[in-house]
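Asker: Below is the structure, and that's it, no one-letter string:
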C-alpha cells in the first residue's frame, strides 16, 4: 500500500546553536539532493520569521536555490504565508521560478503569519489581511492564469505559468476553502494534529471539481524520527521534543542534541503539551514506522505524505530518509 503513496519532505532549515546560516543552508541543499537521489516526490520549504534556530524566512529564494541544485524533484513552499506578501509579488516570484524550472514548482499557501504577533506587524501593518485570504487566493489564481484582456495589473512574469496552488492548514477553514476552490489540500499534522480527521473529512465531503483537480487530493504532514531500532529513534526524538518545549516556553528554537531522558527538563503539563503537539509523530525502527504509516493512510485515506525530519546529526538525518524509502519499497 505504501508503495503507491508519494513521499515528500518539508524543510524548516533547522540550525544548531553556533552553526552559521551558510552551513545550515548548505546542509539543507545536500538534504534535498539526497531526497532526489532516493526518489522523494517534493521538497518544500516553510516560511518562518524571527525564530532563532529556523532559517527559512526568505522562502522563495530558497525554493530557487534548491531547484537550481537539483534536477527533477518538485520544489515549493510549504507554505508562503500570504498575509505577509502582496499576491502580485508572490505571482511574480513563483512565475519566475516556474519559468526557470518548468514543471517543478509548487506554491503552497497558508494564512497564518509564520511568526509572533509583533513580528507579524513588522511584516505587514494590516492585521486584517488574514481575513481576506480567500480573495487573495483568487487573485493569485488569476495572476498566474492566462491573460483575459481585461486586467490592468498583470504578473510579468507569472501570467499563464499556472503554478500549482495548494492550500495548507491545521483547522477547518483552509479545508473548506480548498474544497470550494477545487484545490489540493495539505493538513499540518506535524504540529497541529487535533483536527486532522475533521478537516480531511470536511475537505473530501465538500470538494467541488475544478479545472485543476477532478477529485480531492490530500497531503498529510507528519513528524518523522526514523532509526535502525525503536530505542535509537526514541533517543533521537528528544531533539524535536526539546524544540517544541522551547517553542511553548517562548525560547529560541536552536536544534539541540538528543538526551538520554527528558525527565527534569519539563513539567508534567509541558510534557502533555509537547506530546499533544507531536501527536501524529512517526517514531521508531522500520517495522514500527511501517505499521504506523499504514494505519494513518488506512484511517485517513490520504494521497501523499510529507515529512519533517529534524534530527541533530546530519548523517542520521540522511539515514532516516533511506529507512523511509526502504519501508516504502520493501
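Answerer: Yes, it's here. On a predicted model such as this, the values are computed, not experimentally measured, just so you know.
Asker: Model confidence at residue 113, what's the number?
Answerer: Per-residue pLDDT puts residue 113 at 63.
Asker: my bad, should have said residue 120
Answerer: 69.
Asker: With the one 10 residues further on instead?
Answerer: At residue 130, the model reports a pLDDT of 75.
Asker: Would you confirm that residue 34 contacts residue 315?
Answerer: No: the criterion here is C-beta atoms under 8 Å, and residue 34 misses it with residue 315 at 10.6 Å. To be clear about C-beta, it is placed using only N, CA and C from the backbone, and glycine gets the same treatment.
Asker: who's more crowded, those two?
Answerer: For residue 34 versus residue 315, neighbours defined as other C-beta atoms under 10 Å are more numerous around residue 34 (16 against 8).
Asker: any idea how far residue 32 is from the closest residue to the more buried one other than its chain neighbours?
Answerer: What sits nearest to residue 34 in space, not counting adjacent residues and going by C-beta to C-beta, 6 or more residues apart in numbering, is residue 318, at 5.1 Å. Applying C-beta to C-beta, to the nearest Å, the value for residue 318 to residue 32 is 11 Å.
Asker: Who has more neighbours out of the two?
Answerer: In terms of neighbours (other C-beta under 10 Å), residue 32 is the more surrounded of residue 318 and residue 32; the figures are 23 against 19.
Asker: So for the host helix or strand of that one, mean pLDDT?
Answerer: Using DSSP states H and E, residue 32 sits within helix 21-38. For helix 21-38, the mean per-residue pLDDT is 98.
Asker: which helices and strands sit right next to the very next helix or strand once past that helix?
Answerer: Where DSSP H and E defines the elements, the next helix or strand beyond helix 21-38 is strand 42-45. On a contact count with 3 or more C-beta pairs under 8 Å, 6 or more residues apart in numbering; DSSP states H and E, strand 42-45 meets strand 7-11, helix 21-38, helix 59-68, strand 74-81, strand 105-110.
Asker: could I get those as TSV with distance to residue 287?
Answerer: Shown next, in TSV, are the helices and strands packed on strand 42-45 (distance: least, C-beta to C-beta, whole Å):
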stretch	distance to residue 287
strand 7-11	18
helix 21-38	20
helix 59-68	32
strand 74-81	29
strand 105-110	32
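Asker: Can you say which of those is nearest to residue 118?
Answerer: Closest to residue 118 of the helices and strands packed on strand 42-45 is strand 74-81 (C-beta to C-beta; 15.3 Å).
Asker: next structured bit after the closest one?
Answerer: Sequence order places helix 87-100 as the next helix or strand after strand 74-81, per DSSP H and E.
Asker: Enumerate the positions of that following helix that are buried.
Answerer: With burial defined by 16 or more other C-beta atoms under 10 Å, the residues of helix 87-100 counted as buried are 87, 90-98.
Asker: cool, stretch 20-37 as well?
Answerer: 24-25, 27-29, 31-36.
Asker: How about stretch 41-59?
Answerer: 41-49, 51, 53-57, 59.
Asker: Now do it, average pLDDT.
Answerer: For stretch 41-59, mean pLDDT rounds to 95.
Asker: Can you give the distance from stretch 81-93 to the centre of its chain?
Answerer: 18 Å (C-alpha atoms, centre = their mean, to the nearest Å).
Asker: mind checking the end-to-end distance for it?
Answerer: 14 Å (C-alpha to C-alpha, to the nearest Å).
Asker: Residue numbering should commence at 45 henceforth.
Answerer: From this message on, residue numbering opens at 45, which makes the last subject stretch 125-137.
Asker: Averaged pLDDT, that stretch. What do you get?
Answerer: Looking at stretch 125-137 alone, the average pLDDT works out to 95.
Asker: again, but for stretch 214-230
Answerer: Mean predicted confidence for stretch 214-230 is 96.
Asker: How far away from the center of its chain is it?
Answerer: Put simply, stretch 214-230 sits 15 Å off its chain's centre (C-alpha atoms, centre = their mean).
Asker: For residue 272, give me its contacts.
Answerer: Going by C-beta atoms under 8 Å, 6 or more residues apart in numbering, residue 272 touches 329-330, 363, 367.
Asker: Throw those into a markdown table and include secondary structure and neighbour count, thanks.
Answerer: Formatted as a markdown table, those follow (DSSP: H, G, I helix; E, B strand; the rest coil; neighbours: other C-beta atoms under 10 Å):
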| residue | secondary structure | neighbour count |
| --- | --- | --- |
| 329 | coil | 18 |
| 330 | helix | 18 |
| 363 | helix | 16 |
| 367 | helix | 21 |
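Asker: can those go into JSON lines with extra columns for pLDDT?
Answerer: Below are those laid out as JSON lines (pLDDT from 0 to 100):
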{"residue": "329", "pLDDT": "98"}
{"residue": "330", "pLDDT": "98"}
{"residue": "363", "pLDDT": "98"}
{"residue": "367", "pLDDT": "98"}
